[in-house]
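**Student:** Next comes the sequence, and after it the predicted model I'd like to discuss.
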Amino acid sequence: MPELPRCNREYAKKSYWEERFATEESFEWLASYKDVAPQLKKYLPACQSDPILVVGCGNSSFSYDLYSEGGYSNITSIDYSENVIAAMKEKYPDMEWVCADMTDLNESVFPTNSFACVIDKAAMDALMSEEEDVWCPAQKVVDSCRKMCAGISRILQSGGYHVHISFAQPHFRKKYLLGQHPASNLAPAQKFDENEDVCEFRWDLNHENIGGEHSVGCFHHFMYVMKKN
């Protein structure tokens with residue numbers, strides 16, 4: 001097990017991850033590919049060569065397992081840690097690893113409509129370490145999550161899925177994924193026709209328990225599924 005940070009806020013700092021990834025070889029957050037594969041498969045592209053993006057990949061084997069066990073050949077994985085991207089390039093040289101910030105997915109990183117599916121496994125959860133109050137979260141966290149969702153929506157193809165795997169309870173996480181928290185000047189909400197009753201990220205959201213409705217235990221991990229309109 002890796003040494004835990006003194007304060008959970010460290011999980012939101014790049015310096016923490018750079019130091020950790022300098023020595024840590026692999027760590028799997030929340031669930032492995034094998035744990036979620038039966039549920040995930042429904043939302044992956046029918047064509048296994050269609051482009052898939054994994055954000056905040058860290059040093060998890062999830063992307064590689066999706067490639068080697070799932071058979072998906074066109075996977076790009078991003079993380080803002082230079083150390084982990086360098087390590088993953090060396091470990092899995094046949095795959096695409098890109099150093100990029102998931103909260104700043106602008107045109108210089110990926111063109112619009114680049115991916116058929118975008119997967120986040122516990123990446124947004126790291127941002128939540130600075131949330132402070134779940135009922136009235138810090139605006140910094142709201143802004144980061146809004147920018148993350150807006151960027152993912154931009155690069156996600158129409159009809160494609162954003163799959164978000166998290167420990168967060170639906171009541172709280174849905175507000176981020178649907179842009180329901182107040183916007184700020186640093187991360188303004190996207191404006192559409194006043195008569196349009198649509199999420200600002202132009203996707204519909206559903207969620208399910210990891211392992212299904214009959215999974216064992218009181219505390220579940222969740223799979224949030226957003227389909228781009």
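**Tutor:** Arrived safely, thanks for sending. Numbers count the residues shown, from 1 in each chain.
**Student:** all helices for the protein, in order.
**Tutor:** Remark: helices assigned in the chain by DSSP state H are 14-21, 33-40, 62-68, 82-91, 123-127, 139-155, 170-177.
**Student:** what about the longest strand in this protein?
**Tutor:** Longest strand in the chain by number of residues (criterion: DSSP state E): strand 156-166.
**Student:** Helix 139-155 and that one, what's the angle between them?
**Tutor:** Put simply, strand 156-166 runs at 140 degrees to helix 139-155, going by axes from the mean of the first three to the mean of the last three Cα atoms, to 10 degrees.
**Student:** Kindly export strand 156-166 (C-alpha atoms) in PDB.
**Tutor:** Taking C-alpha atoms only, strand 156-166 is exported to PDB below (Å, rounded to 0.1, in the frame of the first residue of the first chain):
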ATOM      1  CA  LEU A 156     -17.000  13.300 -27.200                       C
ATOM      2  CA  GLN A 157     -18.800  12.400 -30.400                       C
ATOM      3  CA  SER A 158     -22.600  12.600 -30.700                       C
ATOM      4  CA  GLY A 159     -24.100   9.400 -29.500                       C
ATOM      5  CA  GLY A 160     -20.900   8.500 -27.600                       C
ATOM      6  CA  TYR A 161     -20.700   7.700 -23.900                       C
ATOM      7  CA  HIS A 162     -18.800   9.300 -21.000                       C
ATOM      8  CA  VAL A 163     -18.500   6.600 -18.300                       C
ATOM      9  CA  HIS A 164     -17.600   7.900 -14.900                       C
ATOM     10  CA  ILE A 165     -16.700   5.400 -12.100                       C
ATOM     11  CA  SER A 166     -16.800   6.800  -8.600                       C
END
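**Student:** Can you point out the buried residues in stretch 125-136?
**Tutor:** Residues of stretch 125-136 classed as buried under the neighbour-count rule (16 or more other Cβ atoms under 10 Å) are 125-131. The C-beta positions use only the backbone N, C-alpha and C, and glycine is treated the same way.
**Student:** er, stretch 85-101 actually
**Tutor:** Buried-residue list, stretch 85-101, by 16+ other Cβ under 10 Å: 85, 87-88, 92, 95-97, 100-101.
**Student:** can you tell me which two in those are farthest apart?
**Tutor:** Distances among the buried residues of stretch 85-101 were taken as Cβ to Cβ; the most separated pair is 92 and 101, at 21.2 Å.
**Student:** how about low-confidence regions in this protein?
**Tutor:** Applying pLDDT under 70 to the chain flags residues 1-4, 191-197, 212-219.
**Student:** try it again with 90
**Tutor:** Applying pLDDT under 90 to the chain flags the ranges 1-14, 16, 29-30, 130-132, 182-198, 211-220.
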